[in-house]
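Undergrad: fold the following, please.
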Amino acid sequence: MMEALSYDFFRNALMAGLLVSLICGVIGSLVVVNRIVFLAGGVAHASYGGVGLAFFLGLPVLPVTAGFSTLAALGMAWVTLSSRERADTVIGVLWAAGMALGIILLDLTPGYNSDLMSYLFGSILAVPDSDLWLMAWLSAGVLALVAVFSRGLLVMSFDVEFARSRGVPVRFLHFLLMGLTALCVVMVIRVVGLILVMALLTIPPFMAERRARSLPGMMLLAALLSAVFCVAGLYLSYALDLTCGATIIAVACVGFVISLAVPQRRDAATQAGAKGSAA
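TA: Down below sits the predicted model:
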């Protein structure tokens, strides 16, 4: 591992993995608690349209994809609030439309860009300094917004009706959460790719939810778990000459299976309470 750290590309990969871990821990926890995993998946796949648009226009991929994904996320947020009974169908259409648009735009782009596959399956070892700085600024912006609206997001995450009764701007916070999810998705795509993005966004928060006693605690634990998965995946991919993104997700999946075999803390407390009552 120390030998690998002597290479600039590996240090960039490690920094990118840690940045993504931090943002996934925070936004992923909100996605899981608010039960909008399907929405996040729709945003992730629709973002491919942004990749195609960036290649077609010859512009930097991450900024264009971030803007496109945010617009797609806001559209999906509006659909879920305005027509809940048909939301899943419309989100599926937007999901497919984004993918189709990306493919068509790439077909219309002259030549073939070998870097294209990195956005499908990730290319954390190829993250340049410019993308790393952009990811750092995105992370800082997302975390700042979460901190500013933390109280409202916390109340909305656990009881929407109570939040409305207390005057919390639920509609605004829903749009905000979807926009932040879009930015998070763009960052994760650079690390593990479009195909595997939902795994890194949801597995660590799910594992953390089973152990944490509060939403901030869940975010912190999810970020730590994501960091462990990213670092372990990077090390294994370097040692065994494997694809980094897939290795990171494989490590996360192993951790997920192990976590299912370990009893939840609150389950154990509940069982202990039941035994005490019976006695």
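Undergrad: count the neighbours of S82 for me.
TA: By other Cβ atoms under 10 Å, 10 other residues sit near S82. (Each C-beta comes from the backbone N, C-alpha and C, glycine too.)
Undergrad: now it: how far from L105?
TA: Per Cβ to Cβ, to the nearest Å, S82 is found 28 Å from L105.
Undergrad: same check, this time on L19
TA: Remark: distance between L19 and L105 (Cβ to Cβ) = 28 Å.
Undergrad: so where is the protein shaky, pLDDT-wise?
TA: Filtered on pLDDT under 70, the chain yields the residue ranges 1-7, 83-86, 112-123, 125, 195, 264-279.
Undergrad: what ranges does it have for its strands?
TA: Remark: no strands are assigned in the chain by DSSP state E.
Undergrad: give me the residue at the spatial middle of it.
TA: Centroid-nearest residue in the chain, with Cα atoms, centre = their mean: L201, separated by 3.6 Å.
Undergrad: which residues touch the closest residue in space to it that isn't next to it in sequence?
TA: Among residues not flanking L201 along the chain, G28 sits closest, at 4.6 Å (Cβ to Cβ, 6 or more residues apart in numbering). Counting by Cβ atoms under 8 Å, 6 or more residues apart in numbering, G28 touches 184, 200-202, 204-205, 222, 226.
Undergrad: ok, L39 next?
TA: So L39 contacts 31, 73, 76-77, 80, 91, 178, 181 (Cβ under 8 Å, 6+ apart).
Undergrad: I'd say L225 and G255 touch.
TA: Yes. The pair L225 / G255 is scored as a contact, 6.9 Å apart, by Cβ atoms under 8 Å.
Undergrad: farthest pair in the contacts of L39?
TA: V31 and I91 (14.2 Å; Cβ to Cβ).
Undergrad: more neighbours: which of the two?
TA: Under the criterion of other Cβ under 10 Å, the comparison of V31 against I91 puts V31 first, with 28 against 21.
Undergrad: what about the nearest residue to the more buried one once chain neighbours are set aside, how many residues nearby?
TA: Counting by Cβ to Cβ, 6+ apart, V31 lies nearest to A40, which is 5.0 Å off, once chain neighbours are set aside. Around A40 sit 27 other residues, with neighbours defined as other Cβ under 10 Å.
Undergrad: circling back: dump the contacts of G28 to TSV, plus distance to D159.
TA: As requested, the contacts of G28 are arranged in TSV below (distance: Cβ to Cβ, whole Å):
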residue	distance to D159
C184	24
L200	28
L201	23
T202	22
P204	24
P205	19
A222	21
S226	27
